[in-house]
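Attaching a predicted model along with its sequence, questions to come.
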Amino acid sequence: MIMPTDTLSTTFAALADPTRRAILKKLTKGEQTVSDLASPFKMTLPAISKHLKVLANAGLIERGRDAQWRPCKLRAAPLKTAANWIEQYRQFWEERLDRLEEYLKNLQAKEKENDPAN
């Protein structure tokens, strides 16, 4: 499997998994240990650790070490980059839909003008 090399692709690849998205959501409440992050999931700690590694490689989390604890915290910068990229397309589609709305209004106005019942 070829792994994406650009930051945006790596971010979206990490976000593609619902478990990783749930982990990120938990981290919005603050720093948490691997055990804390694993608690709601029916999977092993090594499986959670693999998800955390993907998130860390994408720059979405930062993993620390505090004695035997491995606290994780959210790093939102890659999410901001992804949101900015998506925003460009939201604006594109809004402009398209605005033009479609205007076209439909003009079409309806012409239909009313050509309606013999008026």
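Alright, I've got the coordinates.

if I look at the residue lying closest to residue 61 once chain neighbours are set aside, how far off is residue 96?
Excluding its sequence neighbours, the residue lying closest to residue 61 (CB to CB, 6 or more residues apart in numbering) is residue 55, at 4.4 Å. C-beta coordinates here come from the backbone N, C-alpha and C atoms, glycine included. As defined by CB to CB, to the nearest Å, residue 55 lies at a distance of 34 Å from residue 96.

can you pull out the helices in this protein?
Counting by DSSP state H, one finds helices in the chain at the ranges 7-15, 18-27, 34-38, 45-57, 77-114.

who wins for proximity to residue 69 among these?
For residue 69, the closest of the helices of the chain is helix 34-38, at 8.2 Å, according to CB to CB.

List the buried residues in that closest one.
Residues of helix 34-38 classed as buried: 34, 36, 37, 38 (neighbour count, 16 or more other CB atoms under 10 Å).

Of the residues you listed, just say which sits nearest to residue 9.
Within these, the smallest distance to residue 9 is 24.3 Å, found for residue 37 (CB to CB).

residue contacts, the residue lying closest to the closest one once chain neighbours are set aside?
Nearest residue to residue 37, sequence neighbours excluded (CB to CB, 6+ apart): residue 23, at 5.5 Å. For residue 23, the contacting residues are 37, 48, 51, 52, 55, 61, by CB atoms under 8 Å, 6 or more residues apart in numbering.

domains in this protein, as residue ranges please.
What automatic domain parsing lists as the domains of the chain is 7-75, 79-118.

Confidence-wise, which of these is weakest overall?
Mean pLDDT values for these show the minimum at domain 79-118, a mean of 88.

Dead centre of the protein: give me the residue that sits there.
With distances taken as CA atoms, centre = their mean, residue 15 lies nearest the centre of the chain, 5.7 Å away.
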